[in-house]
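1. 3D, please:
(one chain, ligands or ions: 1)
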Amino acid sequence: MKLKTTVTGLKGIVEVPGDKSISHRSIMFGSISYGETKVKNFLRAEDCMSTLNAFKKLGVSIEDDGEIITVHGVGFEGLKPAEEAIDIGNSGTSIRLISGILAGAAFETTMYGDDSIAKRPMNRVMLPLREMGASLHGKNDSEFPPITVKGTENLQPIHYKLPVASAQVKSAIIFAALQAKGTSTIEEKEATRNHTEDMIRQFGGEISTEGKVITVSGPQTLTGQTVVVPGDISSAAFFLVAGLIVPESKITLKNVGLNPTRTGIIEVIQQMGGKISIKEDNRTDNKAGEITVQYSQLKGTVIEGDIIPRLIDELPIIALLATQAEGETIIRDAEELKVKETNRIDAVANELTALGADITPTADGLIIHGKTSLHGGTVTSYGDHRIGMMLQIAALLVEEGDVELERAEAVSVSYPTFFDDLAKLEVK
Ligand code: S3P
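-> So this is what the prediction gives:
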């Protein structure tokens, strides 16, 4: 696909679609609760549809009237064996969290996905879930999908220290712990997104967090709720960066989720000297607000330590931001980027270098020297939605030559209307 290039004065308002993490979980919690769950502003993107279709295959009735999704919850006990293996597409969140849910179901389920899923590490969820009594195995006894989960109605509680900072792993264990008889404790390596914990409380369950230790007792019974999904800050991130780096721009993002475990990018923008203002909505459920950015003179920074999980999905677009800042930006402690939808350290370094940026990959991050001007070229998303969207924002700065993006269709994994939303903004 030929990308939009040579843009100045990007102006207007974008309302990004619903949060991917919360949309996945709304279907999961709706299914394992009793009674009806209504979901508003559900993200109808490939990843979340994979979760929705998985629960339909597990016997849950789910309706979509085009506006509201209604899930007729059956409780953990009401899930039924799927008639065939479940295709979860590109979605790491689906395969890992559903493994935790199925750890307590006394039947066998196989889940598979695309080429990227076939390379995602699964031992991180398989090891603790086995310790709790479930049996799980990957392809040819490896840790890689397709994976088969055979649950047990006799799940044991666990005391587990997470070896990686991962909300997916934490959530898989929590879903299993909700079905185990007794109290489990999970110690995080660093605090990660807490949507699972928030939604347990919203659905009438109990869970507590003290520092990095989460305590949850089972078995628990949850009750269906209405979930209003806020806009996804990880999708908003592409327009935040566009507004900051395209000369003469001013963009407002409306209804963006502002859960503090997700807002690391806002702090980085402020550290780099970006002009950003935030107006919070006075809502009681998921915290949300309006963010406005303007073209800014930026300076390099260091991004490391406990902020990393709070902006993990935004690092590719933050790397682009750093190419437009004066001086050096160092990203470290981010080795998890290597096991995302693609190896995002290599993908970012290769593709931005191909457009003229000065970026060096390291074992756990990237070193970026700015400010560089970008030129045309042929780049690829590697089938990774966030790499594809980052490259389109990079292309806006290109004044000479075309930018051709291979595998552009990947953006539909999290943001099917991304190119349309960009086209709606005014340009000078
Ligand atoms: C997610 C957790 C993160 C994130 C992913 C969504 C979630 O993955 O990268 O896009 O919804 O729990 P990890 O847990 O692997 O860091």
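2. The stretch 51-200 of the chain against the ligand: which residues are in contact?
-> Of all the residues in the stretch 51-200 of the chain, those in contact range of the ligand (CB under 6 Å from any ligand atom) are 93, 166, 167, 168, 171, 193. Every residue, glycine included, has its C-beta placed from N, CA and C.
3. any idea which of those has the most stuff around it?
-> Neighbour counts for those, by other CB atoms under 10 Å, peak at residue 171, which reaches 28 neighbours.
4. That residue: what secondary structure?
-> For residue 171, the assignment made with DSSP: H, G, I helix; E, B strand; the rest coil gives helix.
5. That one contacts residue 94, doesn't it?
-> No: between residue 171 and residue 94 there is no contact under CB atoms under 8 Å: 11.4 Å.
6. quick one, domains of this structure?
-> 11-17+230-424, 20-228 (automatic domain parsing).
7. These into a markdown table, with extra columns for mean pLDDT?
-> Converted to a markdown table, those look like this (pLDDT from 0 to 100):
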| stretch | mean pLDDT |
| --- | --- |
| domain 11-17+230-424 | 97 |
| domain 20-228 | 98 |
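8. Out of those, flag the one nearest residue 2.
-> Evaluated over those, closeness to residue 2 peaks at domain 11-17+230-424, with 5.9 Å, by CB to CB.
9. can you give me the end-to-end distance of that closest one?
-> For domain 11-17+230-424, the first-to-last residue distance is 9 Å (CA to CA, to the nearest Å).
10. Would you state the strands of the stretch 101-250 of the chain in chain order?
-> 108-112, 135-137, 147-150, 159-161, 182-187, 208-210, 213-218, 226-228, 250-257 (DSSP state E, counting those that start in this stretch).
11. can you put those strands in JSON lines and add mean neighbour count?
-> As requested, the strands of the stretch 101-250 of the chain are exported to JSON lines (neighbours: other CB atoms under 10 Å):
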{"stretch": "strand 108-112", "mean neighbour count": "18"}
{"stretch": "strand 135-137", "mean neighbour count": "17"}
{"stretch": "strand 147-150", "mean neighbour count": "20"}
{"stretch": "strand 159-161", "mean neighbour count": "14"}
{"stretch": "strand 182-187", "mean neighbour count": "17"}
{"stretch": "strand 208-210", "mean neighbour count": "11"}
{"stretch": "strand 213-218", "mean neighbour count": "19"}
{"stretch": "strand 226-228", "mean neighbour count": "19"}
{"stretch": "strand 250-257", "mean neighbour count": "22"}
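12. do you know which of the ones you listed lies nearest residue 396?
-> Closest to residue 396 of the strands of the stretch 101-250 of the chain is strand 250-257 (CB to CB; 11.8 Å).
13. And the strands of the stretch 101-250 of the chain: which comes nearest residue 368?
-> Taking CB to CB, strand 250-257 is the member of these nearest to residue 368, at 22.6 Å.
14. tell me the angle of the helix or strand following that closest one relative to strand 250-257?
-> Going down the chain from strand 250-257, the next helix or strand is helix 264-271, by DSSP states H and E. Orientation check (axes from the mean of the first three to the mean of the last three CA atoms, to 10 degrees): helix 264-271 against strand 250-257 gives 150 degrees.
15. Let me know whether helix 264-271 sits next to the ligand.
-> No: using CB under 6 Å from any ligand atom, helix 264-271 stays clear of the ligand, with a minimum separation of 12.3 Å.
16. go on, stretch 390-410?
-> No: using CB under 6 Å from any ligand atom, stretch 390-410 stays clear of the ligand, coming no nearer than 13.8 Å.
17. now the end-to-end length of that stretch.
-> One end of stretch 390-410 sits 12 Å from the other (CA to CA).
18. got it, and stretch 387-405?
-> For stretch 387-405, the separation between the terminal residues is 10 Å (CA to CA).
19. Tell me the buried residues in it?
-> Neighbour-count burial for stretch 387-405, counted by 16 or more other CB atoms under 10 Å, picks out 387-398, 403, 405.
20. Stretch 359-366 now?
-> So, applying 16+ other CB under 10 Å, buried residues of stretch 359-366: 359, 361, 364, 365, 366.
21. who's in contact with the fourth one?
-> With contacts defined as CB atoms under 8 Å, 6 or more residues apart in numbering, residue 365 is in contact with 303, 304, 330, 331, 332, 333, 334, 335, 337, 345.
22. Let's see which of those residues end up in helices.
-> In helices, defined here by DSSP state H, the members of the contacts of residue 365 are residue 345.
23. Buried among the contacts of residue 365? Need that as a selection in PyMOL.
-> In PyMOL, a selection of the buried entries from the contacts of residue 365 looks like this (16+ other CB under 10 Å):
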select buried, resi 303+330+331+332+333+334+337+345
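24. Return the member of the contacts of residue 365 nearest to the ligand.
-> Looking at the contacts of residue 365 and their distance to the ligand, the nearest is residue 337, at 9.2 Å (CB to the nearest ligand atom).
25. Would you enumerate the residues in contact with that closest one?
-> Residue 337 touches 312, 315, 343, 344, 345, 365, counting by CB under 8 Å, 6+ apart.
26. Distance of residue 404 relative to residue 215?
-> Distance, residue 404 to residue 215, by CB to CB, to the nearest Å: 52 Å.
27. and residue 424, how many residues sit next to it?
-> Residue 424, neighbours per other CB under 10 Å, totals 11.
28. Go ahead and confirm it touches residue 15.
-> No: applying CB under 8 Å as the test, residue 424 and residue 15 come out as separate, 10.3 Å apart.
29. could you list every residue that touches the closest residue to residue 203 other than its chain neighbours?
-> Spatial nearest neighbour of residue 203, chain neighbours left out: residue 222 (4.1 Å); criterion: CB to CB, 6 or more residues apart in numbering. The contact partners of residue 222, taken as CB under 8 Å, 6+ apart, are 29, 32, 33, 34, 73, 75, 178, 200, 203, 204, 205.
30. which ones are touching residue 302?
-> By CB under 8 Å, 6+ apart, residue 302 lies in contact with 329, 330, 332.
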